[in-house]
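A.B. asks: 3D, please:
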Amino acid sequence: MKPPKPTEAELAVLRVLWARGPSTVREVHDTLSATRSVAYTTTLKTLQVMTEKGLTIRETHRGQHLYRSRDAEHETQRRLLTDLIDRAFGGSTTKLIVQALASRKASPEELREIRRLLNEHAADKKQEKDHG
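C.D. replies: Numbers count the residues shown, from 1 in each chain. A predicted model of the protein is given here:
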């Protein structure tokens, strides 16, 4: 069973956990509070709720509670993106990409990566066609 979609606050916590790896509440809180005003008890409660929801896993290591994301960053992003494509773009990847590129200018490096992925995708489709 997949976990529910994370809230904005939960995504902020997940970004910390993806960057740092398993972390204590204090480590997550210190990272979050560097860019926003958040109480330690709020960070603790958020992690507790996230664990109940199945977004994080709490482990005990040397007497400390460490939290880690249940899913890898790319898995969560893929799940959120699939939901967005379905809800906002009627399932059309093309519409998503057109809007994304119209909304925010891509760097030359990002455009190269997009071209590489498109070429890779086209080659995979051609190979499927040739062998299918």
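A.B. asks: so which elements touch the worst-scoring helix or strand of the chain on mean pLDDT?
C.D. replies: Here the helix or strand of the chain ranked lowest by mean pLDDT, DSSP states H and E is helix 108-131, holding a mean of 88. For helix 108-131, not one helix or strand is in contact under the criterion 3 or more CB pairs under 8 Å, 6 or more residues apart in numbering; DSSP states H and E. All C-beta spots, glycine's among them, are computed from the backbone N, C-alpha and C.
A.B. asks: so what's the gap between that helix and the chain middle?
C.D. replies: Distance of helix 108-131 from the chain centroid (CA atoms, centre = their mean, to the nearest Å) equals 23 Å.
A.B. asks: CA atoms only: put it into CSV for me.
C.D. replies: What follows is helix 108-131, C-alpha atoms only, in CSV (Å, rounded to 0.1, in the frame of the first residue of the first chain):
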residue,chain,number,x,y,z
PRO,A,108,21.1,24.8,-21.0
GLU,A,109,22.1,21.8,-18.9
GLU,A,110,18.4,21.0,-18.2
LEU,A,111,17.6,21.3,-21.9
ARG,A,112,20.5,18.9,-22.8
GLU,A,113,19.2,16.4,-20.2
ILE,A,114,15.7,16.7,-21.6
ARG,A,115,17.0,16.1,-25.2
ARG,A,116,19.1,13.1,-23.9
LEU,A,117,16.0,11.6,-22.3
LEU,A,118,13.8,12.2,-25.4
ASN,A,119,16.5,10.5,-27.6
GLU,A,120,16.7,7.6,-25.1
HIS,A,121,13.0,7.3,-25.1
ALA,A,122,12.8,7.4,-28.9
ALA,A,123,15.5,4.7,-29.2
ASP,A,124,13.6,2.5,-26.7
LYS,A,125,10.4,2.8,-28.6
LYS,A,126,12.2,2.0,-31.9
GLN,A,127,13.8,-1.0,-30.3
GLU,A,128,10.4,-2.2,-29.0
LYS,A,129,8.9,-1.7,-32.5
ASP,A,130,11.7,-3.6,-34.2
HIS,A,131,11.5,-6.5,-31.8
